[in-house]
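Chemist: Task: produce atomic coordinates for the following.
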Amino acid sequence: MSMNKYMHPKNIYKSPPNFKQLAIDYPEFREFVTQDITGKVGLDFKNIKALRALSCILLKKDFGLDVEIPLDKLIPTIPLRLNYILWLEDLLTLTGNTEAIKGVDIGTGASCVYPLIAAKKNKWQMLASEVDNNNYIYAKNNIEKNDLQDLIEVVKVEENVILKDLLKDDKYDFLMCNPPFFGSTKELRSNANSRNLNRPKPKNSFCASTVEVVVKGGEVDFISKLIQESKILETNVKIYTTMVGHKKSLPELKKLLREVEVSSFKETEFCQGNTTRWGLAWTFITNLDLKKCLDPIKLVTKPKKNKDPLTYIFPFSEVDELSLNKARDCIIKLFEGLEMVLQEVSRQKNVIRYFVTAYANTWSNQRRKRRERLRNSIDNSSSVSENNNECEDNNEIIDKEAKSPGKRTNEDHIEGAFVKKLKISGDEGGAIFFKFIVSLKLHDDTIILEIDCLESYNNRDYLHQILQYIKNHLET
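Modeler: Numbering: from 1, shown residues only. Got it, this is the predicted structure:
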C-alpha cells in the first residue's frame, strides 16, 4: 500500500512522477517505460537500469543536477532522500539559524545525493565522507560536474572512521547518516528478519554493493558507535541525525541516547511509496528541545476520536445518600465473583472510580459453564454412590468437605483455579487478560455505572460483554 500521503507536506513527490511525461521530455528515459493495453504507462522496478534512469531524471528535472551512478552501487530513491532533507530543515528552524548552514554527510555514496540536493536546493555547505574508493571517485566527479566544489567537500576515510577523526574541532549545524542496515548478506533477504513468513517480496530490484548495506553488527552497532563518538564531540555539532532501516532497532538506540545523557532526542518516520524508514535526531545543547519539531505524519493523520464509556443506570426504585454505596457493594460482589481484582482510584462525594483487572475471560458463556458445573456435580455424586461401600471413610471426608465453607467445590473448575493463582501473584508479567476502569456516579437522583477501556487494553467487545453480564445479574 502506498504511503505517499504520509510523506513530508513539502515533498514534491507526494504525487508520484508522471512516467509518460518524463518519457516525452527526456528521450533517454523513454526506453525504460512500458505501456499496457489500457494505455497506462509504467516502469519496471525490477530493472536496475530503469531505477537508475528514474533517479537521474528526477535529479535533473527537479534539482538541475547531472549525476552519474554506477550500476553496481547504491541507487538512491529521490523521494526518500528529499524527505530526510526536509526533516533537517524542520529541525534547523529550532536552532534559530537558517542561513550559512554547515552540514556533514557520513557515507555519501557514489551519487553524493544528499550533499548535492542540500547544496543545490538550500545552498548548504557540506562535508561528505566515503570509505569505498570507487564511490569516492564518483562522488568527487559528480560534485565537479555540477560545479559545486565551493559548497561540497568529499573526504576519503578509513573503514573505522565515523566522526571523531573526521570533524576535529570544526563546528557544524547538523550531521546526517544513511548507515548500512544489515549485519550480514543473509539479512539482505527480505524475509530473513520478518515476523510474517508470507511477507511479499520487495517490488524494487536490489541495487547496492555489499560494503554500502552490510556492516559488522548491523545498523545498531554502527549507530551506537556514532552516538558514542557524538558524546565526545558534543556541541561541535548542533544536531546529530541518522536514518534507521528497522523499527526494532529504535528502542535499543533510544536507550543508549539516554545513557549518554543527550539533552533531547526526536524520532520520525520517512514514508514514501511502499517503504518506511525512520529518522533519529539528538543534541547535547541544553536549550535545544528537538521534541518541539512537528512530526510530518501527525500533520496529515486525523486524531482518533475517543469513544464514550458504556453506561448503565442502576434499577433502584428510590435513590438516597446511601444508594451510591449500595451500588458499589453490588459491583464489588459481581466482579469478585468473576475472579477480578478491584483497585480504588478515587473517591468523592458523588463519584467512585476503580481499576478492574481480569486474569482470564470469566464473564463469557455463563450458561455453558453452569451446565458443565451441574454435569460435574451429578457425575461426582454418582461416583460417590458407586464407591460408597468401598471405604466408609470416604463418606466422612465428603461430609466434612460439604459442611466446610472454606473448601472449594466443583464450581471451582480449572480456569477458576488458574485465575486464582494469577490473582495471588499480582499484576506482574503477562498474566493480565484485560483491564478497564469503572466509575459509579450519583447524578440527578440516579446511580450511573460507566465502564471504559484503558489505553493499553483497548477492547470494546470485552466491555460490551462485561456490561451485559452486569445487566443480566442486576436485573434478575
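Chemist: what ranges of the stretch 251-400 of the chain fall below the confidence cut-off?
Modeler: Along the stretch 251-400 of the chain, segments meeting pLDDT under 70 span 299-305, 366-367, 369-370, 373, 379-400.
Chemist: Tell me which stretches of it form helices.
Modeler: 296-300, 323-337, 366-386, 392-403 (DSSP state H, counting those that start in this stretch).
Chemist: Would you state the strands of the stretch 51-200 of the chain in chain order?
Modeler: Under the criterion DSSP state E, counting those that start in this stretch, the stretch 51-200 of the chain contains strands at 102-106, 125-130, 152-156, 172-177.
Chemist: need those in TSV with mean pLDDT and mean neighbour count, can you?
Modeler: Heads up, the C-betas are built off the backbone N, CA and C, glycines and all. Below are those laid out as TSV (pLDDT from 0 to 100; neighbours: other C-beta atoms under 10 Å):
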stretch	mean pLDDT	mean neighbour count
strand 102-106	96	23
strand 125-130	95	22
strand 152-156	95	19
strand 172-177	96	23
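Chemist: Need those in CSV (columns: distance to residue 452).
Modeler: Formatted as CSV, the strands of the stretch 51-200 of the chain follow (distance: least, C-beta to C-beta, whole Å):
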stretch, distance to residue 452
strand 102-106, 48
strand 125-130, 52
strand 152-156, 57
strand 172-177, 44
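Chemist: contacting residues for the closest residue to residue 352 other than its chain neighbours?
Modeler: In this structure, residue 352 finds its nearest non-sequential neighbour in residue 440, 4.6 Å apart by C-beta to C-beta, 6 or more residues apart in numbering. By C-beta atoms under 8 Å, 6 or more residues apart in numbering, the residues touching residue 440 are 324, 327, 328, 331, 351, 352, 353, 447, 448, 449, 450.
Chemist: does the last one have beta-bridge partners, and which?
Modeler: If I follow you right, that is residue 450. residue 311, residue 439 (DSSP bridges).
Chemist: Just give me the neighbour total for it.
Modeler: By the measure other C-beta atoms under 10 Å, the count of residues near residue 450 is 17.
Chemist: any idea how far residue 308 is from the residue nearest to residue 352?
Modeler: According to C-beta to C-beta, to the nearest Å, residue 440 and residue 308 sit 17 Å apart.
Chemist: Residue 130 too?
Modeler: According to C-beta to C-beta, residue 130 stands 58 Å off from residue 308.
Chemist: try residue 60
Modeler: 55 Å.
Chemist: With neighbour numbers in mind, choose between the two.
Modeler: A count of neighbours by other C-beta under 10 Å puts residue 60 above the other of residue 60 and residue 308, at 16 against 8.
Chemist: Tell me which residues touch that one, please.
Modeler: Contacts of residue 60 (C-beta under 8 Å, 6+ apart): 26, 66, 67.
Chemist: now with 7 Å?
Modeler: residue 66 (C-beta atoms under 7 Å, 6 or more residues apart in numbering).
Chemist: now do residue 103
Modeler: For residue 103, the contacting residues are 118, 124, 126, 172, 173, 174, 175, 176, by C-beta under 7 Å, 6+ apart.
Chemist: Excluding chain neighbours, give the residue nearest to it in space.
Modeler: residue 174 (4.7 Å).
Chemist: Domain ranges for the protein, per the record?
Modeler: What automatic domain parsing lists as the domains of the chain is 4-185+204-300, 310-365+413-474.
Chemist: Let me have those domains in JSON lines, extended by distance to residue 376.
Modeler: Shown next, in JSON lines, are the domains of the chain (distance: least, C-beta to C-beta, whole Å):
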{"stretch": "domain 4-185+204-300", "distance to residue 376": "47"}
{"stretch": "domain 310-365+413-474", "distance to residue 376": "8"}
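Chemist: tell me the most buried of those domains?
Modeler: Mean neighbours per residue, mean count of other C-beta atoms under 10 Å, is largest over these for domain 4-185+204-300, with a mean of 18.
Chemist: Look up how far residue 240 lies from residue 279.
Modeler: Distance from residue 279 to residue 240, by C-beta to C-beta: 11 Å.
Chemist: make that residue 323, sorry
Modeler: 61 Å.
Chemist: Also residue 261?
Modeler: 14 Å.
Chemist: before we move on, what about residue 468?
Modeler: Using C-beta to C-beta, residue 468 is found at 54 Å from residue 240.
Chemist: where in the stretch 51-200 of the chain is pLDDT low?
Modeler: Ranges of the stretch 51-200 of the chain meeting pLDDT under 70: 181-200.
Chemist: mind running it again at 80?
Modeler: Residue ranges of the stretch 51-200 of the chain with pLDDT under 80: 98, 161, 164, 168-169, 181-200.
Chemist: Now residue 54: closest residue in space, sequence neighbours ignored.
Modeler: Nearest one to residue 54, counting by C-beta to C-beta, 6+ apart, is residue 43 at 6.4 Å.
Chemist: beta partners of the one you found?
Modeler: Here residue 43, judged by DSSP bridges, has bridge partners residue 33.
Chemist: thought it was touching residue 32?
Modeler: Yes. If you go by C-beta atoms under 7 Å, residue 43 and residue 32 touch, sitting 6.3 Å apart.
Chemist: which ones are touching the residue nearest to residue 54?
Modeler: Residue 43 makes contacts with 19, 32, 33, 50, 54, as judged by C-beta under 7 Å, 6+ apart.
Chemist: Just name the closest of the residues you listed to residue 167, please.
Modeler: Of all these, residue 54 has the smallest distance to residue 167: 34.1 Å, by C-beta to C-beta.
Chemist: With distance to residue 3 as extra columns, can I get the contacts of residue 103 in a markdown table?
Modeler: Putting the contacts of residue 103 into a markdown table (distance: C-beta to C-beta, whole Å) gives the following:
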| residue | distance to residue 3 |
| --- | --- |
| 118 | 24 |
| 124 | 27 |
| 126 | 28 |
| 172 | 31 |
| 173 | 29 |
| 174 | 25 |
| 175 | 27 |
| 176 | 22 |
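Chemist: out of the residues you listed, who's nearest residue 163?
Modeler: residue 175 (7.6 Å).
Chemist: Roughly how far does that closest one sit from residue 141?
Modeler: Residue 175 is 24 Å from residue 141, by C-beta to C-beta.
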